[in-house]
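S.K.: turn this into a model:
(2 chains)
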Amino acid sequence: DTEVTQTPKHLVMGMTNKKSLKCEQHMGHRAMYWYKQKAKKPPELMFVYSYEKLSINESVPSRFSPECPNSSLLNLHLHALQPEDSALYLCASSQATGYEQYFGPGTRLTVT
Amino acid sequence: AQRVTQPEKLLSVFKGAPVELKCNYSYSGSPELFWYVQYSRQRLQLLLRHISRESIKGFTADLNKGETSFHLKKPFAQEEDSAMYYCALNQGGSQGNLIFGKGTKLSVKP
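M.R.: Purely as a prediction, here's the structure:
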């Protein structure tokens, strides 16, 4: 399996909801990433996990909470989001930090 | 500060014409540079990495440390090359995160 998968593909949630995004890879990669991408903009890094430990948090609001249960899974827990959080959320993985990254298809999130 | 600059938001060429997408970077160490491509409604895909010096889909890119550039080139553009292209800098090591340029949208007309 040489792909990064993400579920769900689309998510619509209200500002009081709690939801989670899921990312999975079976390439044996030990680094995983969350990015946020607004329309017609480049991806912006949110979090980096290296060997299942959070190594980078790019000053992301606490309403976004990442979790890495094991080396193949990465979750992003969402709570009390704002409409401006609507975006495409991308997961990526790499052999280790510093290596080329492979991206999932993304979850398109709409906050109403 | 680390920075990646792609000066062209949009580049429009005719099929069969040469294409060059510009990328300049600012980085104090030894950079690792990549080109990623995002076709319409598809995931972001790795196109090229500078260390491998390979040619993918007819595209090549050479790292020029003197000019701090990593321009993407193809001698004969095809309509299927139309996509969004991002140049990215990997800080490497424990940092690991990619710094993306703002992207260039390539449009190849028939």
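S.K.: so what touches the helix or strand of chain B with the lowest mean pLDDT?
M.R.: Of all regular secondary-structure elements in chain B, judged by mean pLDDT, DSSP states H and E, the least confident is strand B:98-100 with a mean of 88. By Cβ atoms under 8 Å, 6 or more residues apart in numbering or on different chains, the list of residues contacting strand B:98-100 from outside reads A:42-43, A:45, A:101, B:2-4, B:34, B:36, B:86-91. (Glycine included, C-beta is placed from N, CA and C.)
S.K.: output the contacting helices and strands for the helix or strand following it.
M.R.: Moving toward the C-terminus from strand B:98-100, the next helix or strand (DSSP states H and E) is strand B:104-109. Helices and strands touching strand B:104-109, as assessed by 3 or more Cβ pairs under 8 Å, 6 or more residues apart in numbering or on different chains; DSSP states H and E, comprise strand B:10-14, strand B:19-21, strand B:83-90.
S.K.: what angle do the longest one and strand B:104-109 make?
M.R.: When you say that, I think you mean strand B:83-90. Following axes from the mean of the first three to the mean of the last three Cα atoms, to 10 degrees, one obtains 150 degrees for the angle between strand B:83-90 and strand B:104-109.
S.K.: what strands flank strand B:83-90, and is each parallel or antiparallel?
M.R.: strand B:32-38 (antiparallel), strand B:98-100 (antiparallel), strand B:104-109 (antiparallel) (DSSP bridges).
S.K.: export these as JSON lines, with columns for mean neighbour count.
M.R.: JSON lines is the format used below for the strands paired with strand B:83-90 (neighbours: other Cβ atoms under 10 Å in any protein chain shown):
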{"stretch": "strand B:32-38", "mean neighbour count": "22"}
{"stretch": "strand B:98-100", "mean neighbour count": "22"}
{"stretch": "strand B:104-109", "mean neighbour count": "17"}
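S.K.: compare those and give me the one nearest B:Leu46.
M.R.: Comparison of the strands paired with strand B:83-90 against B:Leu46 by Cβ to Cβ identifies strand B:32-38 as nearest, at 5.8 Å.
S.K.: comparing the helices and strands packed on strand B:104-109 by mean pLDDT, which bottoms out?
M.R.: Among these, strand B:83-90 carries the lowest mean pLDDT, a mean of 94.
S.K.: now list the buried members of the contacts of strand B:98-100.
M.R.: A:42-43, A:45, A:101, B:4, B:34, B:36, B:86-91 (16 or more other Cβ atoms under 10 Å in any protein chain shown).
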